[in-house]
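Peer 1: With the sequence up front, the predicted model follows.
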Amino acid sequence: MQQQITILAPGLLGASVALAARDREQTKRIHIWARRPETRLSLKNEPWCDAVFSTPEEACHDSDLIVICSPVETIVPIVERIAPALKASAIVTDVGSVKSEICRFSHDLMPAKTFFVGSHPMAGSEKSGHAHARADLFDGRTCFVTPIEEITDGEATEKVVAFWMGLGAEVATVNPEKHDEIVAHISHLPHVLASLLCSHLHLQDPQWSHFAGGGLRDTTRIAGGSPTLWREILKQNRNEVLRSVRQFQDELEAFHAALANEDFFAVANFLERGKEYQNRLRPR
């Protein structure tokens, strides 16, 4: 148990961290900072929040663990801002979906005897805001913890791993670069494909949208995420996403050739391979 944790920028993920930590008795006190005054005012009435502060520096005072839940482009600036306010032995983590630059820049900003250990819970949603938070959001979900090999403090890493496991997550520890390669394929590419499919259909007859069934809604659900947020994610993980897009283009071109050549044996192989992989996915 942490004596006190701080959650900075509590949207869906941050508020769910607070709810889960309170529910599972992972901390005695929860401090909160949000950028907007109206958000801070509404959070004062939440039972999972012990104190709300007007600056991130104040919110971090005397906290053992700080969880930064802001968009990826603001994580490093927040680390730079709070670093002088951290107590000795404090650990900072985040929930950003891109890790390489965040982990390396943040590590360099940390004062002596404080630590940064990156995290990324695979438990988001196309919805946003603390109103949609759930205490069980992390139950059985993967959470990446991304120490930098031969640099990140081992004990700090173990504490971050224990924290996420205490919230119900199943932790996978990988280095930041491997994390970015993995999520480019299993998270960022799917979002791009869903968005491009909707973008393509947007250029067709607008009446067609009224005829769509559950298949199109299921396939494109994640395209409802914030374009601004996703633009920054794709910007930070550009190289890995480009590699995954190129590999998918090769697959799509091979399928196009098989269908054009009436090679329905090859077409069936694509469909069977897709079905086999989908069957291996974990249930929600």
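Peer 2: Great, that's in hand.

Peer 1: Can you report phi and psi for Ala85?
Peer 2: phi -90, psi 0 (degrees, to the nearest 10).

Peer 1: From Val145, how far out is it?
Peer 2: 24 Å (CB to CB, to the nearest Å). For the C-beta atoms, the positions are set from N, CA and C on the backbone; glycine is no exception.

Peer 1: For the protein, which segments count as strands?
Peer 2: Taking DSSP state E to define them, one finds strands in the chain at 2-8, 27-33, 51-53, 65-68, 91-94, 115-116, 118-121, 142-146, 170-173.

Peer 1: And the contacts of the fifth one?
Peer 2: It stands for strand 91-94. Here strand 91-94 makes contact (CB atoms under 8 Å, 6 or more residues apart in numbering) with 64-69, 75, 79, 82, 86, 102, 106, 110, 114-120, 156, 159-160, 163.

Peer 1: now swap in the shortest one and tell me
Peer 2: Under the contact criterion CB under 8 Å, 6+ apart, strand 115-116 has outside partners 79, 90-93, 103, 106-107, 109-110, 152-153, 156.

Peer 1: Between Ala85 and Val145, tell me which one has more neighbours.
Peer 2: The residue with more neighbours, out of Ala85 and Val145, is Val145; 25 against 19, by other CB atoms under 10 Å.

Peer 1: Contact partners for the more buried one?
Peer 2: Counting by CB under 8 Å, 6+ apart, Val145 has contacts Val117, Gly118, Ser119, Thr157, Val160, Val161, Trp164, Val171, Ala172, Thr173.

Peer 1: any idea which of these is closest to Ala18?
Peer 2: Trp164 (13.9 Å; CB to CB).

Peer 1: Give me the neighbour count for that closest one.
Peer 2: If we define neighbours as other CB under 10 Å, then Trp164 has 23 of them.

Peer 1: Leaving out sequence neighbours, find the closest residue to Gln26.
Peer 2: Gly166 (4.6 Å; CB to CB, 6 or more residues apart in numbering).

Peer 1: if we can go back for a sec, make a markdown table from the contacts of Val145 and add distance to Ala257 and pLDDT to it.
Peer 2: A markdown table is the format used below for the contacts of Val145 (distance: CB to CB, whole Å; pLDDT from 0 to 100):
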| residue | distance to Ala257 | pLDDT |
| --- | --- | --- |
| Val117 | 46 | 98 |
| Gly118 | 41 | 98 |
| Ser119 | 42 | 98 |
| Thr157 | 47 | 98 |
| Val160 | 47 | 98 |
| Val161 | 46 | 98 |
| Trp164 | 44 | 98 |
| Val171 | 42 | 98 |
| Ala172 | 36 | 98 |
| Thr173 | 41 | 98 |
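
Peer 1: Which two of those residues have the greatest separation?
Peer 2: Maximum distance among the contacts of Val145 (CB to CB): 13.7 Å, for Val117 and Ala172.

Peer 1: With neighbour numbers in mind, choose between these two.
Peer 2: Val117 (26 against 16).
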